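Undergrad: Provide a 3D model corresponding to the input given below.
(2 chains)
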Amino acid sequence: MIHTTVGQLGHFFVILSFVTALVATLGYFLSALGKRKAAQAEPVREPQLAYAGEESAEQVRFGGKTAKRKSKPTTPEPPVRDDWRLLARWSFYLHATAIVGVSACLFYIIFNHYFEYHYAWSHSSRALPIKYMIACFWESQEGSFLLWLFWNAILGVILIRTSGSRWEAPMMTIFALVQAFLASMILGVVFGDTFKIGSTPFLLLREAMPDAPIFATDANFIPKDGNGLNPLLQNYWMVIHPPTLFLGFALTLVPFAFCIAGLWRNQPVEWIRPALPWTLFGALILGVGIMMGGYWAYETLNFGGYWNWDPVENAVYVPWLVMVGALHTMLIAKRSSTGLKSAVILTIATFLLVLYATFLTRSGILGNASVHSFTDLGLSGQLLIYLLVFVVLAVILAASKWKIIPSDEKEASVYTKEFWLFIGATILCLSAFQVIATTSIPVYNKIVELFGKVSNVALPTDQMAHYGKFQTWFFVAIASLTGIGQFMWWRKIGNKKWDALITPAILTLLVSAGIIAFGSLKNPTYMVLLVASVFALMTNGTILLGIIRGNYRLTGGAIAHIGMALMLIGILYSSGYSRVISLNNSGLMISKTDDFTKNDNRENKENVLLWLNQPEKMDKYQLTYRGQYVEVRDVPGYVPRNDVSVIEGDFHGIANRNIEKDGKLYHKKGDTLALYPENVHYGVEYREPSGKIFTLYPRLQVNERMGVVLSPDITHSLQRDIYTYVATAPDPMAEEQWEKTETYSVAIKDTFFLNDYVAILDDVIRANEVEGVEIGPSDAAVRARVRVLDKNGEHILNPAFIIKNRMVAHPAETSDELGVRIQLNEINPQTGKFTFAVNRTQRDYIVMKAFEKPLINVLWIGTLVVVLGFALATVRRYREFRLSQ
Amino acid sequence: MKISHIIGIIVIAIAIGIIASTAGDASVYTTFTKAEQMAKDGDDNQIHVVGKLQKNAQGQIVDMLYNPGIDPNHFEFSLVDTDNRMQKVVYNSPKPQDFERSEQIVIIGKMQGDHFQCNKILLKCPSKYQDGKLETTEHEAKTAKI
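TA: Prediction:
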């Protein structure tokens, strides 16, 4: 039976959310218009007044800087009831409820395996563990739009309650308008035959694929199982990374809405205080989201790092950079008109860049340029309208209100924090500009095509080098500026005296010199980056020590900057000094210059072949491929693949023997157990010079629909990570192909060739036990002892020959290491010769690559420190906002 | 001259530098014939070529050579570009595991003598990351039997 109710309910909620968002937009808009009339008369003249009054006093204190008034008398609230606002507010609450309803319906469909729905069928399956069903929710475009709507709705409700009546109406107009646009993306309403608005997640399979032959015969057909989740996304990071990222996206709307509201209500300065904590929190969440994505890529994808300058990554990185720039200008906006103007521009730009990122990744415009953008759902037109509406609205509003932003009378002196923070924000923006200029190359092609010309420009072939040559220097500048900026901020430098910086500068030189000499850093660019990072550590550390005793709440900035410096050091070492361990020892010299370590220079032979159980010496390790393993869902670690037989077409298997781990029996022989049958893990054993052994299990996933996916395995230690992945291996799902039988008749002590190895028949002796056969008193059994020599020693094969109840049996003995199957077929007592039947097969092997990534943990530690810094700053600024109310 | 002017000039200079470098580093989608021409003219830039893999009636890729036992870092195949020109391609890395399932691929590299030396292969499988109708129908047939 097809469960149509839940889908219809979901669809109803979608339409409800769209309509309520429109009503809320309109209601808040009218309410804001009414408010504006009341508030208009007063704030327009006030800025000039404040300037004239405070000028002289402020000038003395802050070295010739014009300053703006700090607070303004609060506008008396109009006592009349605002019906429009009340209507809008309740519409928004209803909208939020509807969004929760849509999400609940979609979860219900996924959790109950309603494969009659296209969404559940294409993204989930019965084998999928519950934790990954959550990831199904946002695998596709519709679900991720829903996630975004959800966060916006939550933030909207919080802001209605906390932002105060002054801001509610104009700000929530923007919020509700954004929600209306987002809800339209999942509307799924078709007009006529072709004109479609949005794509609904509640489409039935038969509606999605009306031409499939099965629906002609059986309209109520329900597939037994779904297609399953893309294996790359079956990772815990994919459960928490998308919600974090979309919360970050949603948070960029808050400062944008405050900024637009401020301009609209002719209060170009006042919006900053409420917006600042949200900007800090947004930068924190978006940054964490980006780094989670990086960590997921590091653990799951096999390009050997956490950042690949893929357009999808860049599209989120750019708004984050601009957002950080915006928050720095917001800090100086109260005292500097340049700062205020930049704060307005950058806050608007952050949100518009998020929309641009959405357009890039979801419209299909990236095409071949990115390996992991969403597929085109035919929403590109709608997305473009969404983007353009906000671009036009924001630009027109900002342009028309530009004149109400007061100007500075004097330009900022070099000895003010305003100057240095502004320079820092400028560099952040240049860095963002460089990334977006290149990432937009596919867009340029499309624009040229619009004019009827052909353009086939492609992204740079060496992205690391292209971005690196700019970003490295921008971050050298940023790291240095954090130090100077912090000293300016806390007024350690003033009156043209730089003395306070001398101690940290000397410390920086000493420490850097030590690291360079001790760590044999030779690349001049790396040296400069190191010195800048150490300088940031020393200066911000000095500031931190100075203020932590006074008031720890003020330490956010210093801590965030220290974290950033640590991240830079982590990036410098893990990328710049990433070293390939798996060098081919076939006599080819591998260059040790930087050309080799950067770009993954494929000309160098970096992949090695490991035969099963044949140790190879590599770097300081001895590596051995130990065979294929699988993961049993309730057993820790990995189990040899031969210990279980997978039930065809199911995710269960049967234990071929008792499954024990660390002395604990988990499953008895013959038990049915749940597995991840798509995953094969290749055990690669590392033996360190000290004799310590550890094993890595890089993964290969075979999914009928998605193809083959390779993921690395990583061992973490304080100084370095060792990262290993299988580049290629024989198809683990293919049946073993045995070549045609060859027979050898040999006498004892004779030598013969087995699959290119020398083999010796040592002896044939009587056996009392043969596995799987009961040997009675009237039966007889013998075993041959065949010794096979390979370069690492001997292998013994013991094929048996059994006479049981006058029947002859000769079970085969197989050696995976040698790729040989051998049977003792005949015993001729007259000639004393033994005849062996031998089949050969491809020996099991892997081609693997291993890297060493030094100090990569400093990057992750730095990330956590940045998070702490942002969190402290957010709390501090939010308290200030509450106190000001 | 005011400091703000100096800063403005520096920012504009950096922006121009960024645009120039983007234009300079950008690659192109092109064909083997053009790639050959570029190599003859001494142009060392790497380029993108979009092409199809030749498959026989059984759906196996023809002209493919990968023998990890001899050299795991040598992979050879033939690609037919948009002008229908067939070209030998050499890739000094293991064969991508998904290669057999691919039809259209993008290769990045440059011509070197008789072959195209490829540094990067971008695979687009018909089914990966999308609800390709190709796989969909196949799956339908299978479930209907049960």
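Undergrad: For the longest helix anywhere in chain B, list the C-alpha coordinates in CSV.
TA: Counting by DSSP state H, the longest helix found in chain B is helix B:3-25. The C-alpha trace of helix B:3-25 is given here as CSV (Å, rounded to 0.1, in the frame of the first residue of the first chain):
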residue,chain,number,x,y,z
ILE,B,3,47.9,57.5,3.1
SER,B,4,44.4,56.5,2.0
HIS,B,5,45.4,57.2,-1.6
ILE,B,6,48.6,55.1,-1.3
ILE,B,7,46.6,52.2,0.2
GLY,B,8,44.0,52.6,-2.6
ILE,B,9,46.7,52.4,-5.2
ILE,B,10,48.3,49.3,-3.6
VAL,B,11,44.9,47.5,-3.3
ILE,B,12,44.2,48.2,-7.0
ALA,B,13,47.6,47.0,-8.0
ILE,B,14,47.1,43.7,-6.1
ALA,B,15,43.7,43.3,-7.6
ILE,B,16,45.1,43.7,-11.1
GLY,B,17,47.8,41.3,-10.2
ILE,B,18,45.2,38.8,-9.1
ILE,B,19,43.2,39.1,-12.3
ALA,B,20,46.3,38.9,-14.4
SER,B,21,47.4,35.8,-12.6
THR,B,22,44.0,34.2,-12.9
ALA,B,23,44.0,34.8,-16.6
GLY,B,24,47.6,33.5,-16.9
ASP,B,25,47.1,30.4,-14.8
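Undergrad: Pull out the buried residues from that helix.
TA: B:V11, B:I14, B:I18, B:S21, B:T22, B:D25 (16 or more other C-beta atoms under 10 Å in any protein chain shown). C-beta: built from backbone N, CA, C; applies to glycine.
Undergrad: need the next SSE after that helix, C-terminal direction.
TA: Using DSSP states H and E, the next helix or strand after helix B:3-25 towards the C-terminus is strand B:27-30.
Undergrad: ok, and does that following strand reach over to chain A?
TA: Yes - using C-beta under 8 Å from any C-beta of the partner chain, strand B:27-30 reaches chain A at B:S27, B:V28, B:Y29, B:T30.
Undergrad: what helices or strands is that strand leaning on?
TA: If you count contacts as 3 or more C-beta pairs under 8 Å, 6 or more residues apart in numbering or on different chains; DSSP states H and E, strand B:27-30 packs onto strand A:457-458, strand B:47-53.
Undergrad: Tell me which of those strands is the most buried.
TA: strand B:47-53 (a mean of 21; mean count of other C-beta atoms under 10 Å in any protein chain shown).
Undergrad: Can you name the element that comes right after it?
TA: Following strand B:47-53 in sequence, per DSSP H and E, is strand B:65-66.
Undergrad: how far away is the nearest residue to A:L203 once chain neighbours are set aside from A:L182?
TA: Residue nearest to A:L203 in three dimensions, not counting chain neighbours: A:H118, with 4.6 Å by C-beta to C-beta, 6 or more residues apart in numbering or on different chains. Distance, A:H118 to A:L182, using C-beta to C-beta, to the nearest Å: 21 Å.
Undergrad: next one: B:N67
TA: In terms of C-beta to C-beta, B:N67 sits 53 Å off from A:L182.
Undergrad: what does A:L276 give?
TA: 25 Å.
Undergrad: With A:R362 instead?
TA: 12 Å.
Undergrad: what does A:A216 give?
TA: Taking C-beta to C-beta as the criterion, A:A216 is separated from A:L182 by 37 Å.
Undergrad: and the two? which has more neighbours close in?
TA: A:L182 (24 against 10; other C-beta atoms under 10 Å in any protein chain shown).
Undergrad: Helix, strand, or coil at A:I796?
TA: strand (DSSP: H, G, I helix; E, B strand; the rest coil).
Undergrad: what about the closest residue to chain B within the stretch 551-700 of chain A, how many neighbours?
TA: Residue nearest to chain B within the stretch 551-700 of chain A (C-beta to the nearest C-beta): A:L609, separated by 4.4 Å. A:L609 has 23 neighbours, counted by other C-beta under 10 Å.
Undergrad: helix/strand/coil for it?
TA: strand.
Undergrad: coming back round to it: establish whether the longest helix of chain B and chain A are in contact.
TA: Yes - Helix B:3-25 is in contact with chain A by C-beta under 8 Å from any C-beta, via B:I3, B:S4, B:I7, B:V11, B:I14, B:A15, B:I18, B:I19, B:S21, B:T22, B:D25.
Undergrad: Can you pull the phi and psi angles for the closest residue in space to B:D114 that isn't next to it in sequence?
TA: Among residues not flanking B:D114 along the chain, B:K88 sits closest, at 6.7 Å (C-beta to C-beta, 6+ apart). B:K88 has phi and psi values of phi -70, psi 140 when expressed as degrees, to the nearest 10.
Undergrad: So in terms of bridging, what pairs with B:K88?
TA: Taking DSSP bridges, one obtains B:S78 as the residues bridged to B:K88.
Undergrad: mind checking how far it is from B:V28?
TA: 21 Å.
Undergrad: so A:E742 touches A:V838, yeah?
TA: Yes - contact criterion C-beta atoms under 8 Å: A:E742 and A:V838 qualify, at 5.1 Å.
Undergrad: Would you mind telling me which of those two has more residues around it?
TA: A direct count of neighbours by other C-beta under 10 Å for A:E742 and A:V838 places A:V838 higher, at 24 against 14.
Undergrad: which residues does that one contact?
TA: A:T741, A:E742, A:T743, A:Y744, A:L754, A:N755, A:V820, A:R821, A:I822, A:Q823 (C-beta atoms under 8 Å, 6 or more residues apart in numbering or on different chains).
Undergrad: thinking again about what came up before, which among the helices and strands packed on strand B:27-30 is found nearest to A:H652?
TA: strand B:47-53 (36.6 Å; C-beta to C-beta).
Undergrad: Find the centremost residue of chain B, please.
TA: B:I107 (2.0 Å; C-alpha atoms, centre = their mean).
Undergrad: which SS state does that residue fall under?
TA: strand.
Undergrad: ok, what's across the strand from it?
TA: Going by DSSP bridges, B:I107 forms beta bridges with B:V49, B:I121.
Undergrad: Just the pLDDT for it.
TA: Listed pLDDT for B:I107 reads 87.
Undergrad: and A:W309, how many neighbours?
TA: 18.
Undergrad: Likewise for B:M86?
TA: There are 13 residues near B:M86, going by other C-beta under 10 Å.
Undergrad: which one is it nearest to, not counting chain neighbours?
TA: In space, B:M86 is closest to B:V80, 5.1 Å off (C-beta to C-beta, 6+ apart).
Undergrad: my guess is the one you found contacts B:V50, does it?
TA: No - using C-beta under 8 Å as the test, B:V80 is too far from B:V50 to be in contact (10.3 Å).
Undergrad: sorry, back to before: for whichever strand or helix holds the residue nearest to B:M86, what does the pLDDT average out to?
TA: Assigning secondary structure by DSSP H and E places B:V80 in strand B:75-81. Averaging pLDDT along strand B:75-81 gives 89.
Undergrad: Name the surrounding residues that touch it.
TA: By C-beta under 8 Å, 6+ apart, strand B:75-81 touches B:31-32, B:49-54, B:61-66, B:86-95, B:99, B:105, B:107, B:115-116.
Undergrad: ok, now stretch A:506-524?
TA: A:M527, A:L530, A:V531, A:V534, A:F535, A:M538, A:G576, A:D594.
Undergrad: how about it: buried residues?
TA: A:L507, A:T508, A:V511, A:S512, A:I515, A:I516, A:L521, A:N523.
Undergrad: Look at the residue nearest in space to the middle of chain A and report its pLDDT.
TA: The centre of chain A sits closest to A:G293, judged by C-alpha atoms, centre = their mean, with a distance of 1.3 Å. At A:G293, the predicted lDDT confidence score is 91.
Undergrad: Could you name the helices and strands sitting against the host helix or strand of it?
TA: Assigned by DSSP H and E, A:G293 belongs to helix A:272-300. Helix A:272-300 makes packing contacts with helix A:236-264, helix A:311-332, helix A:337-362, helix A:856-884 when contacts are defined by 3+ C-beta pairs under 8 Å, 6+ apart.
Undergrad: which other helices and strands contact the helix or strand that contains A:I427?
TA: Using DSSP H and E, A:I427 maps to helix A:417-439. Counting contacts by 3+ C-beta pairs under 8 Å, 6+ apart, helix A:417-439 packs against helix A:311-332, helix A:337-362, helix A:463-489, helix B:3-25.
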